[in-house]
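> Show me the folded form of this:
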Amino acid sequence: MTTTSGAPATAGLPLSSTQRLQIRDLLHQMWRALVVDITNLAVRFHSHEEPAVAARLAGVRRRLVDVESALNRLDSGSYGRCDGCERLIAFELLEAVPECRYCQRCQPR
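I've put the predicted structure just below:
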């Protein structure tokens, strides 16, 4: 199995420095996109106060918090460990969903 970057799969192994940089870049890209979304939604909400816009804004804010939390975990060295079982999360899952906190086995249903 390989990742989208063409590197071999590394389920259960600590992240390499290259993988950490790749994840950090993904998280920063997500963060920037979410900040733009929040700004645009906030402007729409304050001018129309539509419930659908408020719900979308709340969802984007939650996702931004998740991305910021992932960046903090990356800085502290705890990134890539499952919050449920403490096992290492497969790089493929982190690459697909960089803000994830659970391994495949412990994903909330």
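
> Could you check how far G59 is from I89?
Noted for G59: a distance of 23 Å to I89, by Cβ to Cβ, to the nearest Å. Heads up, the C-betas are built off the backbone N, CA and C, glycines and all.

> residues contacting the closest residue to D83 other than its chain neighbours?
Spatial nearest neighbour of D83, chain neighbours left out: R101 (4.5 Å); criterion: Cβ to Cβ, 6 or more residues apart in numbering. Residues counted as contacts of R101 (Cβ atoms under 8 Å, 6 or more residues apart in numbering) are 66, 69-70, 82-83.

> Out of the residues you listed, which comes closest to R20?
Nearest to R20, judged by Cβ to Cβ, of the contacts of R101 is A70 at 11.8 Å.

> okay, now the closest one: neighbour count?
A70 has 24 neighbours, counted by other Cβ atoms under 10 Å.

> I89 is in contact with that one, correct?
No: judged on Cβ atoms under 8 Å, A70 makes no contact with I89 at a distance of 11.0 Å.

> Find residues that contact each of these two.
Joint contacts of A70 and I89 (Cβ under 8 Å, 6+ apart) are C100.

> just checking, what packs against the longest helix along the chain?
In terms of residue count, the longest helix belonging to the chain (DSSP state H) is helix 17-48. Contacts defined by 3 or more Cβ pairs under 8 Å, 6 or more residues apart in numbering; DSSP states H and E place helix 17-48 against helix 51-76, helix 91-96.

> Now do S5, the pLDDT please.
pLDDT for S5: 45.

> going forward can the numbers begin at 247, since that is how I track them
I'll keep to 247 as the first residue from here, and by that count the last item is S251.

> Mean pLDDT and distance to L261 added to the helices and strands packed on helix 263-294, as JSON lines?
Formatted as JSON lines, the helices and strands packed on helix 263-294 follow (pLDDT from 0 to 100; distance: least, Cβ to Cβ, whole Å):
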{"stretch": "helix 297-322", "mean pLDDT": "94", "distance to L261": "9"}
{"stretch": "helix 337-342", "mean pLDDT": "94", "distance to L261": "7"}
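
> Pipe those into a markdown table and attach distance to F291 per row.
Formatted as a markdown table, the helices and strands packed on helix 263-294 follow (distance: least, Cβ to Cβ, whole Å):
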| stretch | distance to F291 |
| --- | --- |
| helix 297-322 | 5 |
| helix 337-342 | 30 |
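
> Fine, thanks again, bye for now.
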